[in-house]
Structures are given as structure tokens and as C-alpha cells.
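> this one's structure only:
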């Protein structure tokens, strides 16, 4: 009987030891399983850049992937460069909506004390004015589309001026200038903003899609396929919407060319997205083709830019915006060239696994190019707000 009890206790002890060892084994397996691996250990769909030799996450569950945003691996800077860029453009979008004046209904004259000041100055300093009917005719010629404002201002003058027989060209000219200065804030209404905000939306979509792609692509082959297509769609959206402000505000007074250029770049962007859905599109050997396709989209903007310079060669705003656009194209072009040639990691494989490899640099150039185009957009808005067509 004692031997039986001893045998039972021995079995229980052995089971307890085995359970503990299994628990330790599972913990050790988890640690090993979620360790960073080298390039040769990757599944085929993750082998994109053979010059980055280590620090890969491979087929991790989503929980560990989301936590990895705060850890160091070879995608950390790829995630954060565009995530920070996304929040930068989100801030710029919010700032732009607050900065841009609202289009409101025409205020009444009581909100403009300068009108009454002008009336008092006229009564005090000018003994007589030209015929009020002539003043109204002259001002109506100057402001044909805003006669309702001028009518309100003229009604503020005393009735006796309308019966005066005196004429004074200097007084008439001075009064027209004063009225012009007061009317300017009312007649210079803000131009439509949708092309500008379309660009900001495209930039935010591109940056966020890219950040998520670099974070999640290590989960599985299926999710990698989906996220890469989203990333390519984001790039096409950024390039397409970058044309919207420049084309719309350059050719808003030439509807044929405006619609032609906007339609062309939109169709080209949609076609690029459709091509990117092909399964072979994200293979490493097609890297140069991908780069060339997106560069071709960007270079198609040279036509509208040159056309703009021909139309507005004497406008300083046309030159300023072209300078910004050339700088933007330089950022995108240099970044794409670095991405396609995979420098500097091809010169020293394994030395730039964490930071400084081609994709890191490419991301920085993309954010810089998008911000440059934002600055160009502000010049376009100011130009068209003041001058209109």
C-alpha cells in the first residue's frame, strides 16, 4: 500500500515537473517566435530588399505588430516618418480651414463705420460735390458686379449733393478711390478651396496608407497584398491631387484647359491604381517599373506648368509657384531614384538595416515634396483671391 502511494506521488511530481517545463518551454517559444529574424529566414513574399540583412518581423500576430510600433526594427523609421508626416498635414489642414475667411452675406452699412466717417469728412471739408448721378455712373462703371454695395454707400451721402451744379474731377477721383478701398474687402471673396483641400486629403491618405503598410505587411501574405495595394493607391492619389490646385487655379479662367488637364491626371491616376492591382506589380524585379510609372505620372505635370508660364509670363505668382513645383518635383524625383537604386544599403549590406536605408530617405523626400507643394498652394490661393479671373 505504501509503495502504491509512493508511486502515485512520484507520478504527480513528474507531471508537475513536466507542466512547469512545458510552461517554460511555451514562454521560451514565444520569446523566440517573436524575435527579429534575418533575410534568409523570411517567407518569399517578404523578400523585397536583399541588401537589408536583418531585424525583420516575420508573420507576427496583429497584437504584437501594433506593439512593435514602439520597438526597434527595420521598419520603425518607415512607419514613423510617414506617420509624423500624416499628423503634420492634418495640422496644416485644420490650420488652413481656420485661416481662410468665410464667405458671408453682405453686411449692412452699420458694420462699417468708415462709411459714416467718409460722409462726415465730405460734409466738413467739401462744400460741394459733382452731380451725384454722375458719381453713381462712374462708380457703377468701376464696380459693375457690385452695384448693390455702391448703391448703399451712395445713399449714405446727403441728398443735396445730387442737385449741385459744381464739378470737380479731383474730388470725383478721390471719392472713387475711397469707395474702392472700402468695397475691396467685400468684393474680394475667397475663391473656391476644394482643389487645395483635395490635395491635402490626398497627401494625408498617402502618408497614412504608407505608414500602415510598413507596420502591417509582416502579418501574412494576404494582408501584405492588401496593404501594398493601398500603399500604391495612396501614391497615385498624392500625385494626382497634387495637380489639382496648380491646374485649377492656373486655368480657372480657361475652362477647356482646366477640365482637360484635370480629367487627364485623374484618369491617369485611376489607371495606375488599376495596374497596381496586378499580382506581379509588387515583385522586387518590377521595382524599376513601379518607380517609372509613378515618375511618369509626376512628369506629366510639366505640360500644364509650361502652359501656365506662357499664359502668365508677366505674373510674379506664376514664377513663384513654378519654383515651388520644380522643387517639389526635385524632391520626388531624387527620392524615387534613391528608392529604385537602393542606395546606400547596396554599398554596405547590413549596415543600414535600422536607419538610413533607401526607403527611409525616400519617405523623408516625399514629406518634403508634399510640404513644398502646400506652400505653392498658399500662393495660388492668395493670387486668385486678389485677382480672380
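Everything's here; your move. Because the structure is predicted, anything quoted here is derived from the model rather than measured.

> give the buried residues for the host helix or strand of residue 288.
Per DSSP states H and E: residue 288 is located in helix 287-299. By neighbour count on 16 or more other Cβ atoms under 10 Å, the buried set for helix 287-299 is 287, 290, 291, 293, 294, 295, 297, 298. C-beta: built from backbone N, CA, C; applies to glycine.

> so what pLDDT did residue 121 get?
On pLDDT, residue 121 comes in at 55.

> contacts for the helix holding residue 288, please.
Contacting residues not belonging to helix 287-299 are listed as 232, 235-236, 239-240, 265, 268-269, 272, 275-276, 281-282, 329, 332-333, 336-337, 339-340 [Cβ atoms under 8 Å, 6 or more residues apart in numbering].

> for the very next helix or strand once past that helix, name the packing helices and strands.
Downstream of helix 287-299, the next assigned helix or strand under DSSP H and E is helix 302-311. With contacts taken as 3 or more Cβ pairs under 8 Å, 6 or more residues apart in numbering; DSSP states H and E, helix 302-311 sits against helix 221-251, helix 255-276, helix 316-341.

> residue 89 belongs to a helix?
Yes. The assignment for residue 89 (DSSP: H, G, I helix; E, B strand; the rest coil) places it in a helix.

> just checking, it touches residue 201?
No. The criterion here is Cβ atoms under 8 Å, and residue 89 misses it with residue 201 at 9.0 Å.

> those two - which one has more neighbours?
The neighbour comparison of residue 89 against residue 201 (other Cβ atoms under 10 Å) goes to residue 89, with 24 against 17.

> now do that one against residue 83, distance only.
11 Å (Cβ to Cβ, to the nearest Å).

> for those two, list the residues in contact with both.
Contacts common to residue 89 and residue 83, judged by Cβ under 8 Å, 6+ apart, are residue 207.

> closest to residue 216 among the buried residues of helix 287-299?
Ranked by distance to residue 216 (Cβ to Cβ), these are led by residue 290 at 19.5 Å.

> what's the neighbour count on the nearest residue to residue 351 once chain neighbours are set aside?
Excluding the flanking residues, the one nearest residue 351 by Cβ to Cβ, 6 or more residues apart in numbering is residue 345, at 7.2 Å. Residue 345 has 21 neighbouring residues, counting by other Cβ under 10 Å.

> and residue 345, backbone torsions?
phi -70, psi -20 (degrees, to the nearest 10).

> dump the residue contacts of it.
Contacts of residue 345 by Cβ under 8 Å, 6+ apart are 49, 51, 52, 351, 352, 353, 356, 357, 358.

> thinking again about what came up before, dump the buried residues of helix 287-299 into CSV; add distance to residue 370 as well.
Formatted as CSV, those follow (distance: Cβ to Cβ, whole Å):
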residue, distance to residue 370
287, 22
290, 19
291, 18
293, 19
294, 14
295, 16
297, 15
298, 12
